[in-house]
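Student: 3D, please:
(one chain, ligands or ions: 1)
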Amino acid sequence: MTHSTSPEAVPAESAPTASYFQRHIFFCTNERQNGEACCAQRDALAAFERCKLQIKAAALSGPGQVRVSKAGCLDRCTAGPVAVVYPEAVWYSYVDASDIDEIVESHLKNGQVVERLLTPAYLGR
Ligand code: FES
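Tutor: Numbers count the residues shown, from 1 in each chain. Predicted coordinates:
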């Protein structure tokens, strides 16, 4: 099999700049065993599962749509629990289930950032 290097040979949908998912949200579900604060202590796994179920129920999961993934430590532990949405690179610090519902409805479904849940820029590790 040979590969052409001409730009015409690359279908637009597989071009390197094309996004496979419209939006991809990563939930830190990291758990620390040493007693330090971590997102897992603050129900991050339940938040991840709630988000995933809602996206699935809305038939929004899959290529060209929304992907919900777990992540290890995202290095913003003091702001946790955190999730980040790409391609916008919007960071959220959520507290409860209603926050997840709002992120799903507003941002993941309709592209509107939930300003009240944004992680303060100064918060990190
Ligand atoms: S433990 Fe979640 S960001 Fe570090």
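Student: could you point out which element follows the helix ranked longest in the chain?
Tutor: In the chain, taking DSSP state H as the definition, the longest helix is helix 44-57. Remark: after helix 44-57, the chain's next helix or strand is strand 66-71, criterion DSSP states H and E.
Student: Quick one: residues contacting the residue most central in space within the chain.
Tutor: The centre of the chain sits closest to I25, judged by CA atoms, centre = their mean, with a distance of 1.2 Å. Contact partners of I25, counting by CB atoms under 8 Å, 6 or more residues apart in numbering, are C51, V66, R67, V68, S69, A83, V84, V85, Y86, I103, L108. C-betas here are computed from N, CA, C, even on glycine.
Student: Could you check how many residues crowd around the last one?
Tutor: One way to gauge burial is a neighbour count; for L108, by other CB atoms under 10 Å, it gives 24.
Student: contacting residues around the nearest residue to it once chain neighbours are set aside?
Tutor: In space, not counting the residues next to it along the chain, L108 is nearest to V66; the distance is 5.2 Å by CB to CB, 6 or more residues apart in numbering. V66 makes contacts with F21, Q22, R23, H24, I25, I55, L60, L108, as judged by CB under 8 Å, 6+ apart.
Student: No further questions, thank you.
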